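build me a model:
(2 chains)
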Amino acid sequence: MSDAITVTLPDGKQLELAAGATVLDVAAEIGPGLAKAALAGKIDGQIVDLRAPILADAAVAIVTTKDETGGGGIRHSAEHVMADAVKRLFPNAQVDAGRTDHSEKFQYDFLVDEPFTPEDLEKIEKEMNKILSEGADFTREVLSRAEARALFSSMGEELKLSRLGDIPEDAEITVFRHGEFADLCRGPHVQSTKQIGAVKLLESSGTYFRGDESGPKLQRIYGTAFESKKALKSHLARLEEAKKRDHRRVGADLGLFHLDPLAPGSPFYLPKGMTLYNELIRFVQDLYPKYGYNEVMTPQLFRSDLFKTSGHYDKFHDDMYWFEGSDEGEELGVKAMNCPGHCHLFTTGLRSYRDLPIRWAEFSRLHRNERSGTLNGITRVRTFAQDDAHIYCEPEQVPEEIDSFFQMTAEIYDKLDVDGVEMAVSTRPDQFLGDPADWDVAEKALIDAVERAGFHCHIKEKDAAFYAPKVEADFKDVLGRAWTLATIQIDMAMPGRFGLKYVGRDGGLHQPAMLHRAILGSLERFIGIYIEHTGGDFPFWLSPVQVVILPIADRHAPRAHELKAALGAKGVRAEVDDRSETLGFRIREGQTQKIPLTLVIGDEEVERGTVSPRLRKSKQANDAMSVEALVEALALANAERRKAPLD
RNA sequence: GCCGACGUAGCUCAGCUGGUAGAGCAGCUCACUCGUAAUGAGCAGGUCGUCCGUUCGAGUCGGAUCGUCGGCUCCA
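Okay, the predicted model is just below:
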């Protein structure tokens, strides 16, 4: 190790420091104000603790509250303060470990005799504030394994000792302290509890040690923390806003669907929700000829033999619905996925290389016996439909099929205004089927295809199924939760299980490659996420009610109904609101129901044969236009699936 | 499925330490017939999720069960 190191700051300036200097030293070198404000550091882009030594030449940055990642250090430190508070109030509690995810929450798990009550959370939060006002500094220590073991066993922290055992032999063991409290932790932590400006505990729930259901039950507390009370307040306000977009609430307010205890996890679609559902399907269907897909429909019920062949009978048994058929010993399964049916269908005829690629799409409803605790609104349900398709092709056709899939995906997301999608390529897990070299080729092919399609790509190491590398489109909702929309997987198992064969150019029999793919994914889930993405403010072409017509007085009602009929004749979804409410009331309702276009019909419109469209977005009446021009414009907007009714 | 919280009118919620239910919005009726985000009055609406128990008496206490929500796990 050399005696001096050079660090490069974000503005390009370089500093010479003694080896082993810390990020905090760098901050102090730049200025005392920065040193005081520093929360964490970055070495070559990696978040590190301020007190971690810089071992070699590196690019160093100081993280403060101005940095988006600054909050992570604050919340991570708040975790320790929470654990400290719990230990003070419940001396018998054993601490497990805390975690700060990329959202604005932190959590910590405890082994306690009794679950925490909401009153306990209040007490803990109070104690935390007391600790914060005490203003202790966080210190970082590097310990040997034996020292760490001695420390935690003297504290009686059995879970910690167990966690200590999980740390790889060659890894450095660090302990952070503030006041009396010490915790095994990598950091980073802020300098002082004073830098944690405001904390709030959100909720508690049960969990298991290491997520193992057979292991000890722990109690988890969630909280959030910010540099100031003001920042906390605005975060809580943002959560409130997000709640207003909750698809369950919007779905009820806009009359889209109904959820009922008589059919848990199974939505009832109301007419408006059904319009949304059908329009989405029709949109995808309209693209099928362009991308060479054909729709098929396969049975809802199959004899169990099919699922024995596919392997789902064993692997997926508890997730499916099974019952006895009318014949003795006949066991039937309700289909939970389309692939076995499609594979079977493939075998019912002799396939030639000239037939390939075969792209079979199906929108059938699927049923899965999801565990009750996993159900959530319409995003996690027991019955759903996917814009599902399976592609059978010659192995060398796979790359172009993937390209075509991404093109179609980009086209669909563009029309739907779905942005911020991140493609994730999952690489092979530790246990996998096939030749590693083949996997490398397949993984590379997927990454290249993602980039060619213009999506941002990131890698999920070892996250693929054992039989197939996959690409997923991850979409973040308003609460920062990631959802999978599109997915494409290369199946290395099913063609073999079903003995799929086609006649090649050489006259011999060959096994086709098989791809699973969906773009919207589950329609139920998509609709749920899409409601939250748009707040119910759908693009014009997708709006369940596109136009609301408001006659000012009863004498204008006949014209309003004529107009509705004229629009309906051209496929425009219009409604008349001729209730004896004030005009202001009905306009307001049209707005809150997110109807894109409002038409007020009074004497002027009746006399001149015009309308004065009020766009929801612009919130004011536009210039008058003729009825004919309006009908034509809206029909065109539908045909072209436009976001706005009028340009 | 597991852990926790919750379950009162279509919706949002009130109902103190047990004495058989209340508001706002929505709905219906009537009046008003209106020019771009809430007109007024009246009426109706609940076996307090369900079942069992404690009690002279339970929306209120206890148990079970169903469901919902937040997590775990799983996943489209």
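
who's in contact with the nearest residue to A:L254 once chain neighbours are set aside?
Excluding its sequence neighbours, the residue lying closest to A:L254 (Cβ to Cβ, 6 or more residues apart in numbering) is A:G536, at 5.3 Å. Placement of C-beta: from N, CA and C, glycine included. Neighbouring residues of A:G536 by Cβ atoms under 8 Å, 6 or more residues apart in numbering: A:R245, A:V250, A:D253, A:L254, A:K594.

check A:G536 and give its pLDDT.
Note on A:G536: pLDDT of 92.

part of a helix, is it?
No. A:G536 sits outside any helix when classified using DSSP: H, G, I helix; E, B strand; the rest coil, being coil.

can you give me phi and psi for it?
Phi and psi for A:G536, reported as degrees, to the nearest 10, are phi 90, psi 0.

over to A:K123?
Here A:K123 shows phi and psi, under degrees, to the nearest 10, equal to phi -60, psi -40.

next, the closest residue to RNA strand B within the stretch 1-150 of chain A: secondary structure please.
As assessed by Cβ to the nearest atom of the strand, RNA strand B sits closest to A:P115 within the stretch 1-150 of chain A, at 3.5 Å. Of the three states, A:P115 takes coil according to three-state DSSP.

leaving out sequence neighbours, find the closest residue to it.
Per Cβ to Cβ, 6+ apart, closest to A:P115 is A:Q219, 5.4 Å.

the one you found and A:I131: what is the separation?
The gap separating A:Q219 from A:I131 is 20 Å, by Cβ to Cβ, to the nearest Å.

for A:S162, same thing?
Taking Cβ to Cβ, one finds A:S162 at 26 Å from A:I131.

before we move on, what about A:Y288?
Taking Cβ to Cβ, one finds A:Y288 at 61 Å from A:I131.

dump the residue contacts of the residue of the stretch 1-150 of chain A closest to RNA strand B.
The neighbours of A:P115, taking Cβ under 8 Å, 6+ apart as the test, are A:S204, A:G206, A:Q219.

any chance of a ChimeraX selection covering the buried ones in the residues you listed?
Here is the ChimeraX selection string for the buried members of those, based on 16 or more other Cβ atoms under 10 Å:
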select /A:204,219
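
and RNA strand B, which of the contacts of A:P115 contact it?
Among the contacts of A:P115, proximity to RNA strand B is found for A:S204, A:G206, A:Q219 (Cβ under 7 Å from any atom of the strand).

dig out what the last one forms beta bridges with.
For A:Q219, the beta-bridge partners are A:F110, A:G206 (DSSP bridges).

how about the residues of the stretch 401-550 of chain A by RNA strand B?
A:E472, A:T484, A:L485, A:T487, A:A518, A:G521, A:S522, A:E524, A:R525.

can I get stretch A:579-598 as CSV, trimmed to CA atoms?
C-alpha atoms of stretch A:579-598 as CSV (Å, rounded to 0.1, in the frame of the first residue of the first chain):
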residue,chain,number,x,y,z
ARG,A,579,-80.7,14.8,-14.4
SER,A,580,-82.4,17.9,-12.8
GLU,A,581,-79.1,19.0,-11.2
THR,A,582,-77.4,22.3,-11.8
LEU,A,583,-75.1,22.5,-14.8
GLY,A,584,-72.2,23.2,-12.4
PHE,A,585,-72.9,20.0,-10.5
ARG,A,586,-73.1,17.9,-13.6
ILE,A,587,-69.9,19.4,-15.0
ARG,A,588,-68.1,18.7,-11.8
GLU,A,589,-69.3,15.1,-11.9
GLY,A,590,-68.0,14.7,-15.4
GLN,A,591,-64.7,15.9,-14.3
THR,A,592,-64.4,13.7,-11.2
GLN,A,593,-65.5,10.7,-13.3
LYS,A,594,-62.5,11.6,-15.5
ILE,A,595,-64.6,11.8,-18.7
PRO,A,596,-62.3,13.3,-21.3
LEU,A,597,-64.9,15.4,-23.1
THR,A,598,-67.9,17.4,-21.8
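
follow-up on the earlier one: so A:S162 and A:I131 - more neighbours on which side?
Shown here are A:S162 and A:I131; by other Cβ atoms under 10 Å, A:I131 has more neighbours (24 against 13).

make sure the more buried one is indeed in a strand.
No. Applying three-state DSSP, one finds A:I131 to be helix, outside a strand.

wait, what's in contact with it?
Contacts of A:I131 (Cβ under 8 Å, 6+ apart): A:V81, A:D84, A:A85, A:H178, A:G179, A:T193.

then A:V48?
Applying Cβ under 8 Å, 6+ apart, the residues near A:V48 are A:V23, A:A40, A:G41, A:K42, A:G187, A:P188.

if you set the cut-off to 10 Å instead, what comes out?
Applying Cβ atoms under 10 Å, 6 or more residues apart in numbering to A:V48 gives the contacts A:T22, A:V23, A:A40, A:G41, A:K42, A:I54, A:A58, A:V60, A:V63, A:R186, A:G187, A:P188.

give me phi/psi at A:D388?
phi -90, psi 150.

what about it, neighbour count?
A:D388: 22 neighbours (other Cβ under 10 Å).

also the one 10 residues further on?
Residue neighbour count, defined by other Cβ under 10 Å, stands at 21 for A:V398.

which SS class is it?
helix.

wait, doesn't it sit right on A:A468?
No. When contacts are counted by Cβ atoms under 10 Å, A:V398 is not listed as touching A:A468 (11.7 Å).

joint contacts of the two?
Joint contacts of A:V398 and A:A468 (Cβ under 10 Å, 6+ apart) are A:A442, A:I490, A:M514, A:L515.
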